[in-house]
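Engineer: Would you be able to build a 3D model of this:
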Amino acid sequence: MVAALELYLDVNATRRLRTLWHALEAEGIPTLASLLAERHRPHLSLVAAARLEPEPVAAALADLDLGVGLTLDLDFVGQFVGRVLWLGVTPTAELLEVHRAVHERLTAAGIDVWDHYRPGRWVPHCTVSLRVPNPLLATALRRCLEILPVRATVTAASVTDHANDIAHALTR
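Structural biologist: Numbering: from 1, shown residues only. Predicted coordinates:
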């Protein structure tokens, strides 16, 4: 499964993204809304790994600014191999600095993460669907484009692993 350090978004952005999820679900496109009894929240993952132990991650990131208050602009739609559909976050200098600092701290603490989330390889995104059916891809893209752009503010951070029922807040 997947564990991540997730940045959560303000109420208005979250509401808009959940509305998108539900519109896609009505079209027969599975989204994060239908995974694990709707425990998923719209988010931006700074780190992902097969497993992240919350306490060591929290200790490594103690006193680090995790981007709370940072403005994010979701301005485009993308797709990863495997039919993963996402909304792209414009990579600002501030966002990239938070990402770099998190990775420096985790590396120094010996916490390993997936390579494609490391600085220089990471694509800032907010996942919409993990597997868009091929015949519905055009519909999914149209629905995503209908809600863009979305401006969001980061409100919180958490080490999250839904498969193992972990949601460890890193911010207050």
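Engineer: drop to CA atoms for contacts and neighbour counts, all remaining ones
Structural biologist: Noted.
Engineer: For this protein, just list every one of the helices.
Structural biologist: Remark: helices assigned in the chain by DSSP state H are 11-26, 54-60, 93-108, 137-147.
Engineer: Make TSV from those and add distance to residue 46 and mean pLDDT to it.
Structural biologist: Output for the helices of the chain, formatted as TSV (distance: least, CA to CA, whole Å; pLDDT from 0 to 100):
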stretch	distance to residue 46	mean pLDDT
helix 11-26	18	96
helix 54-60	12	95
helix 93-108	6	97
helix 137-147	22	96
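Engineer: quick one: which of those helices is nearest residue 124?
Structural biologist: For those, the distance to residue 124 is smallest for helix 93-108, at 9.0 Å, taking CA to CA.
Engineer: re earlier: can you lay out the helices of the chain as JSON lines showing distance to residue 80 and mean neighbour count?
Structural biologist: Formatted as JSON lines, those follow (distance: least, CA to CA, whole Å; neighbours: other CA atoms under 10 Å):
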{"stretch": "helix 11-26", "distance to residue 80": "18", "mean neighbour count": "17"}
{"stretch": "helix 54-60", "distance to residue 80": "27", "mean neighbour count": "17"}
{"stretch": "helix 93-108", "distance to residue 80": "20", "mean neighbour count": "16"}
{"stretch": "helix 137-147", "distance to residue 80": "13", "mean neighbour count": "16"}
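Engineer: so which of those gets nearest residue 77?
Structural biologist: The nearest among the helices of the chain, by CA to CA, is helix 137-147 at 6.8 Å.
Engineer: name the helices or strands packed onto the closest one?
Structural biologist: Helices and strands touching helix 137-147, by 3 or more CA pairs under 8 Å, 6 or more residues apart in numbering; DSSP states H and E, are helix 11-26, strand 71-80.
Engineer: Quick one, grab the pLDDT at the residue nearest in space to the middle of the chain.
Structural biologist: Residue closest to the average C-alpha location in the chain (CA atoms, centre = their mean): residue 44, at 2.6 Å. Here, the pLDDT recorded for residue 44 equals 97.
Engineer: Understood, closing this out.
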